[in-house]
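Chemist: Sequence first, then the predicted structure:
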Amino acid sequence: MFDRMLKHFGPQHWWPGDTPFEVMVGAILTQNTNWKNVEKAIANLKREGALSAEVMLALDDATLAELIRPAGYFNVKTQRLKAFLKFLLESYRGDLQKMRETPMDRLREELLQVKGIGPETADSILLYALGHPIFVIDTYTYRVFTRHHLIGEEAGYEALQEFAMANLPASADHYNELHALIVNVGKNFCAPTAKCEGCPLNGLNW
DNA sequence: GACCAGGCACATC
DNA sequence: GATGTGCATGGT
């Protein structure tokens, strides 16, 4: 599946983001939201010079909410961003290098304790911001894997993740690329109402 | 106008 | 434990 998608779409070069910090912010803003809308929110933050933990935390909730408005759920995400940034400053003094040196499993547990960070957001931060070898599961992954009968419909996040990681080379590059490719398949062919016409995964079933 | 988008927390049963 | 619901903008 990986090879077919790679051949069809080419390398994806994820994650869109100029810095690891921007990737982390984007990971929260994109929850259940189209990436295009997230780009607008990040552009607003950049324009206001607010793309830093200290500045963002210093903003009123209402002001921050207004800046991230295009990303939707702006009141909820204001709280989630602030909770994460507080964690970043209090536990790591805002030092991403220090964060990178923390063992991945421990950091994952810590991230999951932050209100507003669930498994996908935590894993996105670990993989796409910090370069840790962990595979990100999202709704597209679930849809592609279950529709091709790689795993049962009752499978949850961890089961999908373990399955994928047990069947792939254990490298951040592979996990990065595969997730991006799956999102691409999801966008183009594997929406809730499947339009399998032309999908590179056609005919691959277990 | 309906449907969808790179989730998550919380309430209720 | 499983299931349901609120959160909200913007593109197709």
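Modeler: Thanks, I have it. Numbers count the residues shown, from 1 in each chain, chains lettered A, B, ... in the order given.
Chemist: residues of stretch A:121-132 that come out buried?
Modeler: A:121-130, A:132 (16 or more other Cβ atoms under 10 Å). C-beta here means a position set from N, CA and C on the backbone, and glycine is covered the same way.
Chemist: What of stretch A:193-206?
Modeler: Result for stretch A:193-206 [16+ other Cβ under 10 Å]: buried residues A:199-201.
Chemist: Same check on stretch A:8-26?
Modeler: Using 16+ other Cβ under 10 Å as the test for burial, stretch A:8-26 gives A:8, A:12, A:14-17, A:20-26.
Chemist: What about DNA strand B: which of the residues you listed touch it?
Modeler: Near DNA strand B, judged by Cβ under 7 Å from any atom of the strand, the entries from the buried residues of stretch A:8-26 are A:14-16, A:26.
Chemist: hmm, back to that, state the pair within the buried residues of stretch A:8-26 that is farthest apart.
Modeler: Using Cβ to Cβ, the buried residues of stretch A:8-26 reach their maximum pairwise distance at A:8 and A:21, which is 32.4 Å.
Chemist: so how far is residue A:81 from the residue in chain A positioned nearest to DNA strand C?
Modeler: Chain A approaches DNA strand C most closely through residue A:72 (2.5 Å), counting by Cβ to the nearest atom of the strand. Going from residue A:72 to residue A:81 by Cβ to Cβ, to the nearest Å gives 13 Å.
Chemist: between the two, who's got more neighbours?
Modeler: When neighbours are counted by other Cβ atoms under 10 Å, residue A:72 and residue A:81 differ, and residue A:81 comes out ahead with 24 against 17.
Chemist: Find the helix or strand that the residue lying closest to residue A:118 once chain neighbours are set aside is a member of.
Modeler: Closest residue to residue A:118 apart from its sequence neighbours, by Cβ to Cβ, 6 or more residues apart in numbering: residue A:112 at 7.2 Å. Using DSSP states H and E, residue A:112 sits within helix A:104-113.
Chemist: That helix: which residues count as buried?
Modeler: For helix A:104-113, using 16+ other Cβ under 10 Å, the buried residues are A:104, A:107-108, A:110-111.
Chemist: Tell me who's in contact with residue A:178.
Modeler: Residue A:178 makes contacts with A:2, A:5, A:135, A:164, A:168, as judged by Cβ atoms under 8 Å, 6 or more residues apart in numbering.
Chemist: Name only those of the residues you listed that count as buried.
Modeler: Among the contacts of residue A:178, the ones that count as buried by 16+ other Cβ under 10 Å are A:5, A:135, A:164.
Chemist: for the strand or helix carrying the first one, packing partners?
Modeler: The secondary structure element spanning residue A:5 is helix A:2-9 (assigned by DSSP H and E). For helix A:2-9, the elements it packs on are helix A:172-188, judged by 3 or more Cβ pairs under 8 Å, 6 or more residues apart in numbering; DSSP states H and E.
Chemist: quick one: is the helix it packs on near DNA strand C?
Modeler: No: contact between helix A:172-188 and DNA strand C is absent, the nearest approach being 10.0 Å (criterion: Cβ under 7 Å from any atom of the strand).
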